[in-house]
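Trainee: here is my input; please provide its structure:
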Amino acid sequence: MNKMNAERETPSPNWKALAPLGVFFLLYILAFVFTGDLQKMPVSVAFLAASAVAVMFSKGEMNRRVEIFCRGCANDTILLMVIIFILAGAFAGTAKAMGAVDATVDMVLYLLPEKAVMASIFVAACFISMAMGTSCGTIAALAPVAAGISSQTGIGIPVMLGIVVGGAMFGDNLSFISDTTIAAARTQGCRMKDKFRANFILVLPAAAVVLGIYVFQGLNVDTNVAVSPHTVEWIKVIPYALVLVTALAGLNVIAVLSSGIALSGIIGIFSGGFDVWGWTKAMSAGIVIDMGELVIVSLMAGGMFEMIRCNGGIDWLINRLTANIRSKRKAETAVAGLVSFTNLCTANNTVAIIIIGSISRQISDKAGLTAPRTASLLDTFSCFVQGLLPYGAQLLIASGLANVNPVEIIPYLYYPFAMGIMAILSIMSGILARSACRDSIKG
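Mentor: As a prediction, this is how the structure comes out:
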């Protein structure tokens with residue numbers, strides 16, 4: 001590379017290089033102002049516009065600008081994340097098509113005590129979201145069940161939906177196949193097992209407290225939603241169990257997802273859920289429908305941030321954000337604030353992590369934070385904000401299935417509130433950060 005190109009790619013800090021990010025957020029602001037609905041602005045279109053601005057308003061020959069953008073798209077971290085998203089989509093599509101979702105719901109309702117219905121539904125949502133790796137899928141599966149229990153027990157529908165959404169966000173935050181976990185771990189360059197350890201000690205107290213509240217509140221509630229053991233198709237739960245066990249054992253995530261795809265496909269064929277061509281169709285649906293936009297967004301985000309970096313925008317932002325950071329606590333606060341603000345603007349926790357992942361990593365490196373701790377903060381604060389957004393996908397799905405206003409559910413979202421409080425306390429105290437550091441060293 002000649003001297004001119006080297007200087008072009010490592011310029012002095014320049015705030016103007018952040019214009020693409022400004023365009024990205026401006027599009028969402030305009031969508032909200034004119035329609036009142038952030039969902040009207042597809043995230044892929046917003047990224048396309050921001051990427052176009054990044055390329056068009058950079059200096060140098062057009063061919064060189066496009067080359068830099070493509071190099072960002074082909075970043076090792078981005079491409080590995082894309083591969084994992086594709087495999088996660090194929091697994092989720094296969095498992096859903098062969099009946100694993102319904103089987104898991106039936107199993108949880110059968111195993112959990114009928115008398116403690118509120119606590120049981122919370123645990124069910126936690127387990128199912130951990131297994132499926134998606135909060136939206138969990139809510140879609142359990143919201144009708146929650147509405148039915150509400151009609152039988154007199155528990156308010158917003159209360160039951162709050163339980164389901166809270167449990168769903170627990171798994172979204174922790175599952176090894178959740179897109180937020182994948183994005184947080186890959187952008188920070190840490191193993192998902194290490195991120196899980198740091199995350200688990202952070203949210204376990206919150207989950208325990210909320211579970212205790214539901215046990216106490218549900219003591220005098222009775223219901224008749226028991227599931228017969230003959231109703232549960234136990235074999236269809238095995239792929240989820242395999243993925244959880246092998247992921248916790250530290251097996252490479254690509255091997256974990258590949259084995260899950262193979263096992264769920266074999267079970268689906270032999271149980272009559274689909275034939276070989278049905279299996280291929282299910283995998284395609286999971287990849288294209290569930291993960292297609294996320295793959296596109298990841299690639300464009302990689303290209304756009306490489307353009308911003310080469311124009312000095314990242315250096316300027318890091319210098320500003322870390323100018324007064326004299327402690328790890330301030331660095332953690334900066335990471336938490338960045339991902340929370342971005343999530344508010346995009347209403348998508350995975351996209352929020354992808355957007356500020358590289359910036360957070362540089363803040364983390366400069367302040368001496370461990371990668372698992374930073375990944376945990378990114379995931380936890382994004383899930384905390386996402387779980388409370390009345391215009392977020394989770395509350396919109398829950399309210400739509402039960403025909404209630406999403407704002408009515410917010411006061412009953414005990415777990416997202418508790419998760420956020422624990423995350424804030426962990427930054428203020430620094431205790432969990434030190435624990436995460438020790439776990440990282442051991443790992």
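Trainee: need the three-state assignment for residue 186.
Mentor: helix (DSSP: H, G, I helix; E, B strand; the rest coil).
Trainee: identify the residue nearest it in space, chain neighbours excluded?
Mentor: residue 81 (4.5 Å; Cβ to Cβ, 6 or more residues apart in numbering). For glycine as for every other residue, the C-beta is placed from the backbone atoms N, C-alpha and C.
Trainee: any idea which element that neighbour lies in?
Mentor: Counting by DSSP states H and E, the secondary-structure element that holds residue 81 is helix 76-97.
Trainee: mind exporting that helix as CSV, just the C-alpha atoms?
Mentor: Taking C-alpha atoms only, helix 76-97 is exported to CSV below (Å, rounded to 0.1, in the frame of the first residue of the first chain):
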residue,chain,number,x,y,z
ASP,A,76,-13.5,-11.9,9.8
THR,A,77,-15.8,-11.2,12.7
ILE,A,78,-18.6,-10.1,10.5
LEU,A,79,-18.4,-13.2,8.2
LEU,A,80,-18.2,-15.6,11.1
MET,A,81,-21.2,-13.9,12.7
VAL,A,82,-23.1,-14.2,9.4
ILE,A,83,-22.2,-18.0,9.2
ILE,A,84,-23.5,-18.5,12.7
PHE,A,85,-26.7,-16.5,12.0
ILE,A,86,-27.3,-18.7,8.9
LEU,A,87,-26.8,-21.9,10.9
ALA,A,88,-29.0,-20.6,13.8
GLY,A,89,-31.7,-19.8,11.3
ALA,A,90,-31.5,-23.3,9.7
PHE,A,91,-31.7,-24.9,13.1
ALA,A,92,-34.6,-22.8,14.3
GLY,A,93,-36.5,-23.4,11.0
THR,A,94,-36.0,-27.2,11.1
ALA,A,95,-36.9,-27.5,14.8
LYS,A,96,-40.0,-25.5,14.4
ALA,A,97,-41.2,-27.4,11.3
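Trainee: after it comes which helix or strand?
Mentor: Past helix 76-97, further along toward the C-terminus, the next helix or strand under DSSP H and E is helix 100-111.
Trainee: give me the angle between that following helix and helix 76-97.
Mentor: 70 degrees (axes from the mean of the first three to the mean of the last three Cα atoms, to 10 degrees).
Trainee: touching helix 100-111 from outside, list them.
Mentor: 95, 120, 123-124, 127-128, 131-132, 137, 141-142, 145, 225-229, 231-234, 236-237, 239-240, 264 (Cβ atoms under 8 Å, 6 or more residues apart in numbering).
Trainee: switch the cut-off to 7 Å
Mentor: If you take Cβ atoms under 7 Å, 6 or more residues apart in numbering as the criterion, helix 100-111 is touched by 95, 124, 127-128, 131-132, 137, 141-142, 145, 225, 227, 229, 231-234, 236-237, 239-240, 264.
Trainee: any idea of the angle the helix or strand following that helix forms with helix 76-97?
Mentor: Following the chain from helix 100-111 toward its C-terminal end, the next helix or strand by DSSP H and E is helix 117-132. On the basis of the same axes, to 10 degrees, helix 117-132 is oriented at 120 degrees to helix 76-97.
Trainee: how far off centre is the helix or strand that helix 117-132 is followed by?
Mentor: Helices and strands here follow DSSP H and E; after helix 117-132, the next one along the chain is helix 135-153. Here the centre of mass of C-alpha atoms in helix 135-153, compared against the chain's by Cα atoms, centre = their mean, to the nearest Å, lies 21 Å away.
Trainee: tell me the buried residues in helix 135-153?
Mentor: Judged by neighbour count (16 or more other Cβ atoms under 10 Å), helix 135-153 contains these buried residues: 135-143, 145-147, 149-150, 153.
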